[in-house]
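*Asks:* I would like the atomic coordinates for the input below:
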Amino acid sequence: AWLDENGWSVSGAAFDAYVEEGGWQFVALELAIDVTDELVGTTLPPLGVTYDGDRMVFPSRMALDSDRPSLSTTVFVTGDERAAVAGWGSEDLPLVWGNGEDPDYLQYAALPAAIELIGGDRAFAVTFAGSTSEFGYVTRFETMADRADHDVDAEFSFGSSGEDLQLVVSNQGGCAAPEGAAALLGVPLLALLRRRRAGA
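*Replies:* From the prediction side, this is the model:
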C-alpha cells in the first residue's frame, strides 16, 4: 500500500508472494542523476545493507518477475569469517583456464562461462574469500542462472569451513591475466554487509 501511495509501480507474482508471506522489509531507492553521454553504460555503485541478525536473505525469487531468460548476480558478504550460502549451493572457483587466448577472452568469456556452468545447478561460484584492509573478511559469491531457477531465496550466514580463495584467470602457458581477481573485486553489483557483534 505504501508503494502505491507514494507513486511506485511494483507488480508481479514473485513480489506479491513476498507481500502475502509478510515479515519482509522492503528498501525502495530512487536514483536522481543527470544522464549524459559520459554516464551512458556507467555501473551504479553497490548498495550496502547492514544486518543485526544471524542470517541474510537475498530475495532470489524477485528474478522470477524479470523479462530476462537468465540473470547474473554478485553478492559480497563481509564479517569476521568466511560466509556460506543455503537454499542455493556453492562451489569454489579458484582457477579459470583458457587455451592461449588473450586476457580479454579469459576475463570476459571464459570466466562468465565457468560461472554460468556452476549456476546451472542453482549454485553460486565463490570467486574470492579472504581478509581485506578496508572491509575485513570478504566472501564473494557470483552466479549466472536461468530465471526459472530463481524459485528459492539464497540465505547467507557465517561459519563456513572453507579456506581462503583468490580466483586466478590464466591461459595454458600459465600466464595470469593482468586484470585478475583485483579487477573483479572492483566491479561489484551488490553488497550485503554485516559486522558480527561479540557473542553474536
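*Asks:* tell me the spacing between Met62 and Phe128.
*Replies:* For Met62, the distance to Phe128 equals 25 Å [Cβ to Cβ, to the nearest Å]. To be clear about C-beta, it is placed using only N, CA and C from the backbone, and glycine gets the same treatment.
*Asks:* the more surrounded of those two?
*Replies:* Applying other Cβ atoms under 10 Å to Met62 and Phe128 shows that Phe128 carries more neighbours, namely 21 against 17.
*Asks:* once you drop chain neighbours, what's closest to the more buried one?
*Replies:* The shortest distance from Phe128 to any non-neighbouring residue, by Cβ to Cβ, 6 or more residues apart in numbering, is to Arg140 (4.0 Å).
*Asks:* can I assume the one you found is in contact with Val126?
*Replies:* Yes - using Cβ atoms under 8 Å, Arg140 is in contact with Val126, at 6.9 Å.
*Asks:* okay, and the common contacts of those two?
*Replies:* Common contact partners of Arg140 and Val126 (Cβ atoms under 8 Å, 6 or more residues apart in numbering): none.
*Asks:* can you map out the helices along the chain?
*Replies:* Using DSSP state H, the helices of the chain run over 2-5, 13-21, 103-105, 111-119, 180-185.
*Asks:* which other residues reach the first one?
*Replies:* When contacts are taken as Cβ under 8 Å, 6+ apart, the neighbours of helix 2-5 outside the stretch itself are Val10, Phe26, Ala28.
*Asks:* center of the protein, which residue is that?
*Replies:* Thr74 (1.8 Å; Cα atoms, centre = their mean).
*Asks:* pLDDT below threshold where in this protein?
*Replies:* Per-residue confidence for the chain (pLDDT under 70) gives these ranges: 32-45, 51, 100-101, 103, 172-200.
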